[in-house]
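>>> Fold the following for me, if possible:
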Amino acid sequence: VRAEAEARRKAEEEAQARKTVQEKAAAEAEARRKAEEEAKARTEAEARRKAEEEAQARRTAQEKVAAEAEARRKAQEEAKARTEAEARRKAEEEAQARRAAQEKVAADAEARRKAQEEARARTEAEARRKAEEEAQARKAAQEKVAAEAEARRKAQEEAKARAEAEARRKAEEEAQARKAAQEKTATEAEAKRQAEASEAALRLTEPDRQRVQVALTALGHDTRGNDGVMGPRTRAMIAEWQKSHGHPETGYLTAPQLAALREQASVALAKFDDEQKRREAAPRPAPPPVAAPDAAAAARCRAITARAEVGEPLSPAELALLRSGCKG
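Just a heads-up that it's a prediction; the model follows:
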């Protein structure tokens, strides 16, 4: 009797345990079913939201296309027809792609539901908590991405505006500089031309040119000799003297400048004139007979002298020829 009672007791306990296991399995299955239904509902809601957003985007795009097409209608009737046909074809393809994606999402959800019946052990509260946390995290991430994108857009626009303003400023400055340089070049060229004409009108003789070189050298503008040839060095020293006295640096003397130069170097010029007079007064030996230069040599001497008077550079041989007595 005790054995039968013990057997019945064990049988009842086992039945109770099986019942508890079955109830637990049923509860877990119900929890999994509810979680999957909520996930499916969220998925479908998200799909509907995306579909609505895409539909809104398509409507906006279509309205834009229509507005642009209306603007081009008079000149591009045929192009409008092709554009609308292409837009309709793309819209149909996109709708087909969305339907296929939705069907795939639904099929995947169903497959997951069937394959994960035993995995629905999580409670509704835990599922909701995690879903809310994930949704909040996604929302925060999206807002952060949007804020960063907006910040980058503003920074790029500001950088672009600064770059454009800087480019405009540099272009204006360069244009102003070019204009000023052109005006300066024209002014200097005109001043030099006038100064050259003024000096030519003075009809300076060789002794006059020598006295200019002596005066310049005495005032600290060394012409490196006083051969009476107004070469590049003498022109440079004239310009240097002009610069030191606030005159345009033309390298050619006007009558007032020549008078001022002579006045400033009067002592040195007086000494030079005295030396010239003593040299001229001293007896000179009779020069050896010199053959008369031929016409070609005389023409070359005149050409070299003319170039020297206008300030053109001369070769060492031409300078030596002038110093040897070629007067033009």
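>>> What ranges does the stretch 51-200 of the chain have for its helices?
77-115, 124-202 (DSSP state H, counting those that start in this stretch).
>>> now for the very next helix or strand once past the longest one, which elements pack on it?
This points to helix 124-202. Using DSSP states H and E, the helix or strand that follows helix 124-202 in sequence is helix 206-218. Contacting helix 206-218 under the criterion 3 or more C-beta pairs under 8 Å, 6 or more residues apart in numbering; DSSP states H and E are the following elements: helix 232-244, helix 255-264, helix 266-281. For glycine as for every other residue, the C-beta is placed from the backbone atoms N, C-alpha and C.
>>> Export these as JSON lines, with columns for mean neighbour count and distance to residue 77.
Shown next, in JSON lines, are the helices and strands packed on helix 206-218 (neighbours: other C-beta atoms under 10 Å; distance: least, C-beta to C-beta, whole Å):
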{"stretch": "helix 232-244", "mean neighbour count": "19", "distance to residue 77": "74"}
{"stretch": "helix 255-264", "mean neighbour count": "15", "distance to residue 77": "79"}
{"stretch": "helix 266-281", "mean neighbour count": "12", "distance to residue 77": "93"}
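>>> In a markdown table: these, plus mean pLDDT and distance to residue 47.
Converted to a markdown table, those look like this (pLDDT from 0 to 100; distance: least, C-beta to C-beta, whole Å):
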| stretch | mean pLDDT | distance to residue 47 |
| --- | --- | --- |
| helix 232-244 | 96 | 86 |
| helix 255-264 | 96 | 95 |
| helix 266-281 | 93 | 105 |
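>>> before we move on, the earlier item: closest one to residue 211 among the helices of the stretch 51-200 of the chain?
helix 124-202 (12.2 Å; C-beta to C-beta).
>>> what bits of the protein have low per-residue confidence?
284-295, 298, 311, 323-328 (pLDDT under 70).
>>> Relative to residue 231, how far out is the residue in it sticking out farthest from the centre?
Largest separation from the mean C-alpha position in the chain: residue 1, at 106.0 Å (C-alpha atoms, centre = their mean). For residue 1, the distance to residue 231 equals 151 Å [C-beta to C-beta, to the nearest Å].
>>> for residue 86, same thing?
80 Å.
>>> between the two, who's got more neighbours?
Counted by other C-beta atoms under 10 Å, residue 86 and residue 231 do not tie: residue 231 has more neighbours, with 22 against 11.
>>> Check the gap between the more buried one and residue 175 for me.
39 Å.
>>> now residue 305
Taking C-beta to C-beta, one finds residue 305 at 45 Å from residue 175.
>>> With residue 218 instead?
Distance from residue 218 to residue 175, by C-beta to C-beta: 46 Å.
>>> Settle it for me: which of these two has more neighbours?
Between residue 218 and residue 175, counting by other C-beta under 10 Å, residue 218 is the more crowded of the two (18 against 10).
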